[in-house]
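Q: below are the sequence and a predicted model for it; my questions follow.
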Amino acid sequence: MKTILRILAIPFLLLIKFYQVVISPWLGPKCRYTPTCSHYAAEALKKHGVFKGLWLSIKRIGRCHPWGGSGYDPVP
């Protein structure tokens, strides 16, 4: 079952890779956290599969704003 969820995450991982290679270089470094939000999302999807990985990614991106936190924030 866990393998199926990881396979379902592949399209999202491709979108993240596209963002990292094509869009992110134009925007420049903006993330307040380490690892960056896109790296965090990719790692969460690989580690937890599509449902929990997406949920963790959405929560992380929601915290990434000027009044949010900063610093080291690994995938649980």
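A: Here it is on my side, so go on.

Q: from here on, contacts and neighbour counts on C-alpha atoms
A: Fine.

Q: what about the longest helix in this structure?
A: helix 50-63 (DSSP state H).

Q: next helix or strand past that one?
A: On the C-terminal side of helix 50-63, the nearest following helix or strand under DSSP states H and E is strand 71-72.

Q: what does that following strand rub up against?
A: Residues outside strand 71-72 that contact it (Cα atoms under 8 Å, 6 or more residues apart in numbering) are 32-35.

Q: hmm, try it at 6 Å
A: Contact with strand 71-72 is made by 33-34, as judged by Cα atoms under 6 Å, 6 or more residues apart in numbering.

Q: which secondary structure element of this structure has the lowest mean pLDDT?
A: None of the helices or strands of the chain scores lower by mean pLDDT, DSSP states H and E than helix 2-8, at a mean of 77.

Q: okay, the angle between whichever helix or strand comes after it and helix 50-63?
A: For helix 2-8, the succeeding helix or strand toward the C-terminus, using DSSP H and E, is helix 10-18. Counting by axes from the mean of the first three to the mean of the last three Cα atoms, to 10 degrees, helix 10-18 points 30 degrees away from the direction of helix 50-63.

Q: can you list contacts of helix 10-18?
A: Residues outside helix 10-18 that contact it (Cα under 6 Å, 6+ apart) are A42.

Q: hmm, try it at 10 Å
A: Applying Cα atoms under 10 Å, 6 or more residues apart in numbering, the contact partners of helix 10-18 are 19-24, 37-39, 41-43, 45-46, 49-50, 54.
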